[in-house]
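Student: Show me the folded form of this:
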Amino acid sequence: MTDTATDTAYALGASRTLWELVDRRAVLTPRRPVLLQDQDDGAARVLTFGGLRDRAERVAAGLYGQGVRPGSVVAWQLPTRIETVLLSVALARLGAVQTPVIPFYREREVGFALRESKADFFAVPGRWRDFDHTAMAHRLGARGVFEAYGNVPEGDPGTLPPPPSDGTAVRWIYWTSGTTSDPKGVLHTDRSLIAGGSCLAHALRLSPDDVGSVAFPYAHIGGPDYLVMLLLYGFPAVLFEHFAMPAALDGYRRHGVTVAGGSTAFYSMFLAEQRKDPARKVVPSLRLLAGGGAPKPPEIYHAVVREMGCALTHGYGMTEVPMITMGSPDDTAENLATTEGRPPEGMEIRVTAEDGTPLPTGVDGEVRLRGEAVCRGYLDPSQNAAAFDRDGFLITGDVGHLTASGHLVLTGRLKDIIIRKGENISAKEIEDLLHQHPGVGDTAVVGLPDPVRGERVCAVVEQPPGAAPLTLEEVTAYLRTRGLSVHKLPEQLELVDALPRNETLRKVLKYKLRERFTADRAQAARSDGAQASGVPGVSGPGVV
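Tutor: Numbering: from 1, shown residues only. Predicted structure coming up:
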């Protein structure tokens, strides 16, 4: 990376708004590509930085003509396509409030997001992957429904009001389940998203010669993170609407991708492909895997470096703070394998006791955060008091410690969430639905370590007397009928005579369940490797 590229990236990172950042990059390198996407016929679509600005402004004018105004709340549930990025940037030009929704969410989550955000408009893909999103939107009574592909009008940018200038105004609402059954609306500003993307970009030591990749839903908080990174350093990324191995490899190879990743699950998928032909580098141009959002076992790091011949850097982020720490390619192997990296300048990490008292280096405690990348709070203001301490630090609920070198080590979580493939899943949401099943007396849903997904969803069920034994297929079919998203379905079912409880409030001791069923699987693998996949309930219709 040249000093000029670095200086330019830091200067661009001072942009007040996302639109200002888009415009400044378009002036610098208007003809350089920013987004690449293969079509079904194999031809590649290319959008340049200048094209991103110019087309987004025309789309903004078209939306303005349809009634979208600065401050209008626009929900969108769209897959990872060039048009999705264009629509989002157009809304940023208008100064609308965007609330992205993950495209595979269904009535429960989408309906909640629309109601709570009071969305004025809702952009959908029409029929996508054999599901009619337009029909769902109308069933939910959404206002201002429009299909974003092929029908979004364009207009004369001369009709637009001036672009927004205040980067600290709330213009983004992202959704996270957290530890409750209902999602939380997380409030972000352009500046908080730019700060998060800057952390990612600068830590990875990128250059204008790199080629990135977006293989996760652009509606995820990582979407603007990645876009900011492209805008800062002026390099392109390949978009994958459907990511599946080995089919995606052609795209990585054809476009010469140098930086790939997403989360632990992605690392595992690349490793699996590499092991099919160890003598041939699976993506010859690849120099770096990078990601976050899920636990990374040290052995995954060492296997990637050893077998794939590239670097691996892992980071720590959440919907409330899109990038907190990030490993850097010039970190030591020990730090890259065992830590989440270091925070950027401006991100304060405080490790505290339960009462908020700061703890010394090396001592585990609760991780608290303060900085520009931290969200402005929650859509429901009643949730803010419990989320921030008196000094303005966000209380993450994660447990860990800082090393003498300033690297963060995470050792657990206080929040009862499961992180599967980088997505937060509320155990309580699944438990509440299972409790309504006549064959369930009581239940606890826990996350168990999984080398591919980071964690897998395991439902442990205590059945009422005389009930017929449940199967994983029955449980997942029932949860589907109750509207639970596919990615939240349990992948393992365990039936027990009684759930372990404490002796005071009879609270279920989930850590005992994690210990038991993690140990059971490890023992099965040791006793007969060929039968490890036969551990009861490990696979089934909940696997996606």
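Student: wait, what's in contact with residue 78?
Tutor: Neighbour list for residue 78: 84, 87, 100, 103, 123-125, 148, 218-219 [criterion: C-beta atoms under 8 Å, 6 or more residues apart in numbering]. (Each C-beta comes from the backbone N, C-alpha and C, glycine too.)
Student: Inside helices: which ones of those residues?
Tutor: 84, 87 (DSSP state H).
Student: Identify all contacting residues around stretch 103-115.
Tutor: 75, 77-79, 99, 101-102, 119, 122, 125, 128, 133, 136-137, 139-140, 142, 173, 175, 182-183, 185, 217, 219, 483-487.
Student: Need the max-distance pair from the contacts of residue 78.
Tutor: 124 and 218 (14.5 Å; C-beta to C-beta).
Student: Please tell me how far the residue positioned nearest the centre of the chain sits from residue 445.
Tutor: Centroid check for the chain by C-alpha atoms, centre = their mean gives residue 220 as the closest residue, at 4.7 Å. The spacing between residue 220 and residue 445, counted by C-beta to C-beta, to the nearest Å, is 22 Å.
Student: Over to residue 133?
Tutor: Note on residue 133: its distance to residue 445, by C-beta to C-beta, is 28 Å.
Student: Need the residues that contact the stretch of helix or strand residue 301 belongs to.
Tutor: Assigned by DSSP states H and E, residue 301 belongs to helix 298-303. Contact with helix 298-303 is made by 264, 267-268, 271, 312, 314, 333, 336-338, 451, as judged by C-beta under 8 Å, 6+ apart.
Student: which ones are touching the closest residue to residue 16 other than its chain neighbours?
Tutor: Excluding its sequence neighbours, the residue lying closest to residue 16 (C-beta to C-beta, 6 or more residues apart in numbering) is residue 167, at 4.0 Å. Residues in contact with residue 167 (C-beta under 8 Å, 6+ apart) are 15-18, 20, 189-191, 194.
Student: For residue 515, grab the count of nearby residues.
Tutor: Using other C-beta atoms under 10 Å, residue 515 has 12 other residues around it.
Student: now do the one 4 residues further on
Tutor: When neighbours are defined as other C-beta under 10 Å, residue 519 has 10 of them.
Student: Let the chain start at 57 from now.
Tutor: Understood, numbering begins at 57; the last thing we discussed is residue 575.
Student: returning to that earlier point: which of the contacts of stretch 159-171 fall in helices?
Tutor: 189, 192-193, 195.
Student: got a winner among the contacts of residue 134 for most neighbours?
Tutor: Comparing the contacts of residue 134 by number of neighbours (other C-beta under 10 Å), residue 179 comes first, having 29 neighbours.
Student: check contacts around that residue.
Tutor: Contact partners of residue 179, counting by C-beta under 8 Å, 6+ apart, are 130-134, 143, 202-204, 208.
Student: rerun at 10 Å
Tutor: The contact partners of residue 179, taken as C-beta atoms under 10 Å, 6 or more residues apart in numbering, are 119, 130-134, 139-140, 143-144, 147, 154, 156-157, 189, 193, 200-205, 207-208.
Student: Could you pick out the buried ones from the residues you listed?
Tutor: By neighbour count, with 16 or more other C-beta atoms under 10 Å, the contacts of residue 179 hold 119, 130-134, 139-140, 143-144, 147, 154, 156-157, 189, 193, 200-205, 208 as buried.
Student: For the nearest residue to residue 308 once chain neighbours are set aside, which three-state class applies?
Tutor: Leaving aside its sequence neighbours, residue 308 sits nearest to residue 339 (C-beta to C-beta, 6+ apart; 4.6 Å). Residue 339 falls in the coil class when you classify it by DSSP: H, G, I helix; E, B strand; the rest coil.
Student: Can you report phi and psi for residue 339?
Tutor: With angles defined as degrees, to the nearest 10, residue 339 sits at phi -130, psi 100.
Student: give me the number of residues near it?
Tutor: For residue 339, using other C-beta under 10 Å, the count is 22.
Student: What are the buried residues along stretch 522-537?
Tutor: For stretch 522-537, the neighbour count (16+ other C-beta under 10 Å) marks 526, 528, 531-532, 534-535 as buried.
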